[in-house]
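A.B. asks: Pasting a predicted model and its sequence here:
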Amino acid sequence: MSNNCPDLVSMLRQLIASPSVSCTQPDWDQSNLGVIELLEGWLADLGFQTEVVPVPGHPGKANLIATLGSGPGGLVLAGHTDTVPFNAELWQSDPFKLTERDNRFYGLGTCDMKGFFPIAIEAAKQFLDKTLQQPLIILATADEESSMSGARALAEAGRPKARYAVIGEPTGMKPIYMHKGMMMESVRVEGKAGHSSDPSLGANALEAMHSVLSELIAFRGEMQKQYHNSDFVIAEPTLNLGCIHGGDNPNRICGSCELEYDLRPLPGMDLDNLREEVSRRMAPLADRFAVDIQTKALFPGIPAFANQRDSNLVRTAEKLTGYTAQSVAFGTEAPFMQALGMDTIVMGPGFIDQAHQPDEYLAFDQIKPTVAVLEKLIEQYCL
């Protein structure tokens with residue numbers, strides 16, 4: 001083993017110190033190449049064949065495919081390199097400086113999910129002098145927290161190819177075999193402004209939006225009657241009315257109004273079909289209020305994910321961790337890995353309630369057990 005690859009804590013420290021925020025707002029959005037270059041250097045030094053793959057249409061963004069061994073099957077250990085935006089003033093320590101206190105590592109991305117990479121590399125180090133019968137692939141992706149452009153590009157390119165995939169999102173090392181999808185959508189109403197003393201002078205977008213809101217709430221109720229999956233804590237699809245903006249003054253007829261909402265579909269609910277249904281329901285409202293109503297996806301959306309409850313990888317993970325496989329409501333890159341033909345689960349150190357908030361941390365006691373489980377998975381699926 002080369003001495004150029006740092007120890008686990010040093011790797012984590014360097015990854016946290018490399019900013020890689022991804023965001024739909026350009027002022028926040030950053031390149032992830034600093035993180036990719038660190039990982040590529042360490043893994044190449046350990047003997048992995050590495051390939052940095054730019055994400056088409058996204059300058060400064062790239063995925064990393066690092067492969068040890070060869071063969072038609074194998075195991076992918078996957079994670080995303082980006083983090084969410086942050087409020088530095090709410091942190092007790094520098095978000096970009098790994099800080100140790102209370103038997104925890106604090107820093108932006110410690111659990112979601114830069115911390116997974118040093119752990120995966122630490123597990124891989126135990127197999128560098130062994131002949132793998134199937135490849136071990138460490139996969140690092142871009143923009144999971146915003147558009148999932150990295151995972152989408154990989155799925156479209158048909159790579160990497162393997163038989164099994166573990167996505168190391170923070171689940172407390174409980175295997176996740178199913179999660180809801182996620183859609184973020186907007187409805188924009190364009191009316192006609194005018195003096196509020198005479199409603200006939202305009203077409204009030206806010207009044208039309210009142211009916212848009214009612215229609216979406218009715219649609220939510222219909223979905224929740226039609227779709228139900230008791231394997232989820234919240235067994236129905238959800239639709240959250242998130243934010244609304246419209247008008248400019250009390251004495252003006254509102255000329256435009258826009259609503260943004262979040263929809264979390266269950267497995268079996270098609271994203272495009274849901275969008276078409278919303279658009280269909282908006283058309284009569286546009287006619288009724290003499291306005292223009294446009295629906296738009298704020299990002300392409302994440303399909304729901306469902307593996308077989310008794311798949312080989314699910315059963316193996318349950319045996320190794322002692323936890324029964326579960327479902328979650330948040331979205332991951334799992335459907336894109338599954339689209340590549342892999343038996344896929346989500347399972348990693350840390351907990352989702354520590355992510356996306358100030359003083360994000362990874363507890364010390366999560367690290368060694370995760371390394372041990374990953375070593376067992378590599379042994380089973382690659383040796």
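C.D. replies: All right, it came through fine.
A.B. asks: C111 in helix, strand or coil?
C.D. replies: Secondary structure, DSSP: H, G, I helix; E, B strand; the rest coil: C111 is coil.
A.B. asks: ok, now how distant is the nearest residue in space to it that is not next to it in sequence from G107?
C.D. replies: Closest residue to C111 apart from its sequence neighbours, by Cβ to Cβ, 6 or more residues apart in numbering: G350 at 2.8 Å. C-beta: built from backbone N, CA, C; applies to glycine. As judged by Cβ to Cβ, to the nearest Å, G350 and G107 stand 12 Å apart.
A.B. asks: circling back: quick one, what contacts the residue nearest to C111?
C.D. replies: Taking Cβ atoms under 8 Å, 6 or more residues apart in numbering, we find G350 in contact with 110-113, 115, 170, 172, 361-363, 366.
A.B. asks: Please apply the same query to F117.
C.D. replies: F117 neighbours (Cβ under 8 Å, 6+ apart): 11, 15, 39, 79, 138, 140.
A.B. asks: what does E145 give?
C.D. replies: For E145, the contacting residues are 21-23, 80, 82-84, by Cβ under 8 Å, 6+ apart.
A.B. asks: Swap in 10 Å and give it another go.
C.D. replies: The contact partners of E145, by Cβ atoms under 10 Å, 6 or more residues apart in numbering, come to 20-24, 80-85, 109, 112-113, 355-356.
A.B. asks: what about it, is that helix, strand or coil?
C.D. replies: coil.
A.B. asks: before we move on, what about H245?
C.D. replies: Reduced to three states by three-state DSSP, H245 is strand.
A.B. asks: check contacts around the nearest residue to it once chain neighbours are set aside.
C.D. replies: Among residues not flanking H245 along the chain, E258 sits closest, at 5.4 Å (Cβ to Cβ, 6+ apart). Shown in contact with E258 (Cβ under 10 Å, 6+ apart): 186-190, 205, 209, 243-246, 294, 296.
A.B. asks: Now do the shared contacts for G350 and G107.
C.D. replies: 115, 360-362.
A.B. asks: show me where the stretch 1-150 of the chain has strands.
C.D. replies: Taking DSSP state E, counting those that start in this stretch to define them, one finds strands in the stretch 1-150 of the chain at 49-54, 62-68, 75-80, 99-101, 104-106, 136-141.
A.B. asks: Can I get these in CSV including distance to A157?
C.D. replies: Output for the strands of the stretch 1-150 of the chain, formatted as CSV (distance: least, Cβ to Cβ, whole Å):
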stretch, distance to A157
strand 49-54, 8
strand 62-68, 9
strand 75-80, 14
strand 99-101, 38
strand 104-106, 34
strand 136-141, 12
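A.B. asks: so where is the protein shaky, pLDDT-wise?
C.D. replies: In the predicted model of the chain, residues 1-3 satisfy pLDDT under 70.
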